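**Student:** need a structure here:
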Amino acid sequence: MTISSSPHIVSVILAAGASSRFNGSKITAKIQDDQSVLSHSIATLNQLSATANIAAPVVILGAHINVEVMAITADTPRIINPHWQLGLSSSVKQAVAYAIEAKADALLLVLADQVALTVDDYVGLIEAYQHNGHTSCSFYHQDVGVPAIFIADDFTGLLSIDGDKGAKSVLKRHAEKNSLNILPMENAQFDIDTPADLALWLHQQ
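**Tutor:** Numbers count the residues shown, from 1 in each chain. Here you go, the predicted model:
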């Protein structure tokens, strides 16, 4: 299925964290067919790019840059976050800066470690956004979250986030104003934070 190519949406995979609970670089851990967590995410977003006619994904790297670069192909655009120690907000800000430079109408934010997400999950999010032009997000663990599509009007708010916080505050403000498309997304609830999470994922494959 191919959906409309407009408006202009860019996608960014956030992968700059220290993975402190994993005791190493979790995004280079192998999860299937010798694919790493990060390369799996890139492959899924590349497939989405072809399906939904959106820009190919950009990856934000940071804490484990030396091994992370080896986990992605040379043709995958990447942004290095030198301030990754400041937390997730620093990567969100770099993603927004990239979207502004690209003159994007909207930004699809993705976490590299949500390995259960499929192209269909992302397509559903894009279709919801294109239906009415509202910020659109996933819903799991009884809360809103990413992946999410943020409209250009959100960029200023995203740039004001500090510390190890993501973009949830922006989503909640939209929810309060009834200007948020919320999609239940069961696959988004599984991410890889610990070696036990990885072992469970491998066992399920």
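
**Student:** Please tell me I have it right and Trp201 contacts Phe190.
**Tutor:** Yes. Proximity of Trp201 to Phe190 meets the contact threshold set by C-beta atoms under 8 Å, at 7.3 Å. C-beta: built from backbone N, CA, C; applies to glycine.

**Student:** shared neighbours, those two?
**Tutor:** Common contacts of Trp201 and Phe190 (C-beta atoms under 8 Å, 6 or more residues apart in numbering): Val115, Ala116.

**Student:** Show me what secondary structure element comes after the helix or strand of the chain with the lowest mean pLDDT.
**Tutor:** Of all helical and strand segments in the chain, the minimum by mean pLDDT, DSSP states H and E falls on helix 65-68, at a mean of 61. Tracing the chain past helix 65-68, the next element assigned as helix or strand by DSSP states H and E is strand 78-80.

**Student:** Check which residues of that next one are buried.
**Tutor:** Buried residues in strand 78-80, counting neighbours by 16 or more other C-beta atoms under 10 Å, are found at Arg78, Ile79.

**Student:** chain center to it, what's the gap?
**Tutor:** Centroid displacement of strand 78-80 relative to its chain, using C-alpha atoms, centre = their mean, to the nearest Å, is 14 Å.

**Student:** again, but for stretch 154-165
**Tutor:** 15 Å.

**Student:** which parts of it are buried?
**Tutor:** The neighbour-count check on stretch 154-165 (16+ other C-beta under 10 Å) flags Asp154, Phe155, Leu158, Ile161 as buried.

**Student:** What are the neighbouring residues in contact with Ala16?
**Tutor:** By C-beta under 8 Å, 6+ apart, Ala16 lies in contact with Ile60, Leu61, Gly62, Ala63, Asn81, Trp84, Ser90, Ser91.

**Student:** Which two among these are spaced furthest apart?
**Tutor:** Using C-beta to C-beta, these span at most 12.2 Å, a distance reached by Leu61 and Ser90.

**Student:** ok, these two, which is more surrounded?
**Tutor:** Leu61 (26 against 22; other C-beta atoms under 10 Å).

**Student:** tell me which element Phe155 is part of?
**Tutor:** Per DSSP H and E: Phe155 is located in helix 155-159.

**Student:** ok, which stretches of this protein are strands?
**Tutor:** Using DSSP state E, the strands of the chain run over 9-15, 30-32, 35-36, 58-61, 78-80, 106-111, 135-140, 143-151, 180-184.

**Student:** Now do the longest helix belonging to the chain and strand 106-111, the angle between them.
**Tutor:** The longest helix of the chain (DSSP state H) is helix 37-52. Using axes from the mean of the first three to the mean of the last three C-alpha atoms, to 10 degrees, the direction of helix 37-52 lies 150 degrees away from that of strand 106-111.

**Student:** ok, back up a step: between the strands of the chain, which gets nearest to Gly166?
**Tutor:** Of all the strands of the chain, strand 143-151 sits nearest to Gly166, with 6.6 Å by C-beta to C-beta.

**Student:** circling back: need the residues that contact the helix holding Phe155.
**Tutor:** Val92, Lys93, Val96, Ala99, Ile100, Leu107, Phe150, Ala167, Ser169, Val170, Arg173.

**Student:** mind giving me CSV with these and columns for pLDDT, neighbour count and distance to His8?
**Tutor:** Output for those, formatted as CSV (pLDDT from 0 to 100; neighbours: other C-beta atoms under 10 Å; distance: C-beta to C-beta, whole Å):
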residue, pLDDT, neighbour count, distance to His8
Val92, 96, 25, 19
Lys93, 96, 20, 20
Val96, 98, 24, 15
Ala99, 97, 27, 9
Ile100, 97, 14, 12
Leu107, 98, 26, 10
Phe150, 98, 27, 13
Ala167, 91, 26, 19
Ser169, 94, 12, 25
Val170, 96, 23, 20
Arg173, 95, 14, 24
